[in-house]
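Asks: have a look at this fold, sequence not included:
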C-alpha cells in the first residue's frame, strides 16, 4: 500500500510579521498557528506521517505548539525555504521505507481544508506533481514607481497555494539537482526539473499568515467555518465582606469592601466560566473547581476561565463572542469597562469587539440594590466542528 507524508515547513523567521515571535507561533483563537496546521494533516485519512521542519532557536515555542501530539522530532531548517524543504526530504528519504508521496505545506497556512488535501493527493495518481491554486480574478497592473504603466492579461493566471504534492522520488531528485538555485516554491523546482505540474483548484480561504491583518482575517475565517453553534449562559452572586478592593472581569478595583468567596470571588469570570461550560455540556464551575478544595482558596479566577476555554479548544472549537452584565450599585463599572474588555479578550484569545461588558442596577431593589453584594450574568457563543 502506498504511503503519503506531509512535510510542514515551519522554519521561517517571519520578518514581515514583525515582533519577536515568528508568525507560525502567533496565537490564532487560543492555539498557535502551527498547531492548527498540524491538526489538519494529522486527522486526515490520506496522510500517514507528519514531519515538521523548524529552527532549533524556536524550540520553546515549538514545544508549546505541539504539546500532546504524536510527532517525530523536527528537522533543522536551512538558510532559506528551499534548503529547509530539501533537508526535510532528505530526512524522509532516510526512513525505511521512504514515503511514496509527499505533500509540502507552509506552516503559516492554518486554514487548509480536508478537501484540498485530498484533491492534491488524488492528483498524484495521475501525474508526478500537483499544486493547490486559485485563479487570479483581480485586474493586474504593472507599475513603475507609483504609476501604472500597463494592464496585465490575467487569462490563465493562478495564485499558487500549498499543499504542493509530489511523487517522492521525483521531488527529492529535483531538489538535489537544483540545490543552491533560488526558486520561489516547490512547484518551481519541479518545473525546472522538467516535471509536469497539475493545478488542483484550491480554497481561497487557505490564506498565508504574513502580517497581523492576515492573522485577524484567519481568525474570522476559522471561526466562521465551524458549523456547530452553541449558546451558554451563566449567573453568579457574591456578598460583600470587609476589605479594600473587588475583582471584576479580571480587573482589580479599589473599593471599601471585598467580595466574599473561596477564590478571588470574581463574579464576572465565574458567570462567564459557567456560560462556556454550559455551552459544551461540561457541568458547572463547582464540579471542576470544588469550593471545598483548599487549593482554590484565593485563586485567580482567570484559571477557571482558561480551563473552560481549554475544554472548547480540545474539541477543536472556539469561543466566538461573550457578553457579561455586572449588577451592582457600587463600585461604578463604567470607568473600568475598557480594562475589563481588554482582559477578557486576552483570556479568551478573541478580538475585543467580540467581548461585551455592561453594568446595570436594580433601582435599589433586592440585595444588590441594598449594597449587600454583586451579581453577574454572562452569555457566550461557542463554535465547534460538527
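Replies: That came through, no problem. Being a predicted model, the structure only gives us computed values, none of them experimental.
Asks: and residue 360, what are its phi and psi?
Replies: phi -150, psi 170 (degrees, to the nearest 10).
Asks: which ones are touching residue 349?
Replies: With contacts defined as CB atoms under 8 Å, 6 or more residues apart in numbering, residue 349 is in contact with 27, 29, 30, 309, 319. For every residue, glycine as well, the C-beta is placed using N, CA and C.
Asks: and residue 364, by the same measure?
Replies: Contact criterion CB under 8 Å, 6+ apart gives 329, 370 as the residues in contact with residue 364.
Asks: before we move on, what about the one 3 residues further on?
Replies: In this structure, residue 367 makes contact with 237, 239, 373, judged by CB under 8 Å, 6+ apart.
Asks: find the helix or strand that the first one is a member of.
Replies: So the one you mean is residue 237. strand 228-242 (DSSP states H and E).
Asks: counting contacts, what elements does the next helix or strand after that strand pack onto?
Replies: Scanning the chain past strand 228-242 towards its C-terminal end, the next helix or strand to appear is strand 245-248 (assignment: DSSP H and E). Packed against strand 245-248 by the contact rule (3 or more CB pairs under 8 Å, 6 or more residues apart in numbering; DSSP states H and E) you find strand 251-254, strand 257-259, strand 373-384.
Asks: mind checking which of the ones you listed is nearest residue 333?
Replies: Comparison of the helices and strands packed on strand 245-248 against residue 333 by CB to CB identifies strand 251-254 as nearest, at 8.4 Å.
Asks: adjacent strands (with direction) for the closest one?
Replies: Using DSSP bridges, the neighbouring strands of strand 251-254 in the sheet come out as strand 245-248 (antiparallel).
Asks: return the set of buried residues in the partner strand.
Replies: Taking 16 or more other CB atoms under 10 Å as the neighbour-count basis, strand 245-248 is seen to contain the buried residues 246, 247, 248.
Asks: tabulate these (CSV), appending distance to residue 38 and pLDDT.
Replies: As requested, those are exported to CSV (distance: CB to CB, whole Å; pLDDT from 0 to 100):
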residue, distance to residue 38, pLDDT
246, 42, 95
247, 37, 96
248, 38, 97
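Asks: and which of those residues is nearest residue 386?
Replies: Sorting those by distance to residue 386 puts residue 248 at the head of the list, at 36.0 Å, by CB to CB.
Asks: if we can go back for a sec, okay, and which of the contacts of residue 349 map to strands?
Replies: 27, 319 (DSSP state E).
Asks: quick check: which of the contacts of residue 349 has the minimum pLDDT.
Replies: Lowest in pLDDT among those is residue 30, which has 73.
Asks: list the contacts of that one.
Replies: Residue 30 makes contacts with 309, 310, 313, 318, 319, 348, 349, as judged by CB under 8 Å, 6+ apart.
Asks: re earlier: any idea which of the helices and strands packed on strand 245-248 gets closest to residue 150?
Replies: If you check each of those against residue 150 by CB to CB, strand 373-384 wins as the nearest, at 44.8 Å.
Asks: and that closest one, what other elements does it pack with?
Replies: Under the contact criterion of 3+ CB pairs under 8 Å, 6+ apart, the helices and strands touching strand 373-384 comprise strand 228-242, strand 245-248, helix 267-279, strand 318-327, helix 366-369.
Asks: please identify the deepest-packed of these.
Replies: For the helices and strands packed on strand 373-384, average neighbour numbers computed from mean count of other CB atoms under 10 Å are highest in helix 267-279, which has a mean of 27.
Asks: what pairs with whichever strand or helix holds residue 6, parallel or antiparallel?
Replies: Secondary structure assignment for residue 6, by DSSP H and E: strand 4-9. Strand 4-9 has its sheet partners listed here by DSSP bridges as strand 49-54 (parallel), strand 101-106 (parallel).
Asks: now the first one: mean pLDDT?
Replies: Per-residue pLDDT values across strand 49-54 average out to 98.
Asks: so what touches it?
Replies: Under the contact criterion CB under 8 Å, 6+ apart, strand 49-54 has outside partners 3-11, 34, 38, 41-42, 62, 66, 71-72, 74-77, 84-85, 87-88, 91-92, 99, 107.
Asks: thinking again about what came up before, tell me the most buried of the helices and strands packed on strand 245-248?
Replies: For those, the stretch with the most neighbours on average is strand 373-384, a mean of 23; neighbours defined as mean count of other CB under 10 Å.
Asks: quick revisit: including mean pLDDT and distance to residue 121, could the helices and strands packed on strand 245-248 go into JSON lines?
Replies: Supplementary listing: the helices and strands packed on strand 245-248 in JSON lines, determined by pLDDT from 0 to 100; distance: least, CB to CB, whole Å:
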{"stretch": "strand 251-254", "mean pLDDT": "96", "distance to residue 121": "50"}
{"stretch": "strand 257-259", "mean pLDDT": "94", "distance to residue 121": "56"}
{"stretch": "strand 373-384", "mean pLDDT": "96", "distance to residue 121": "27"}
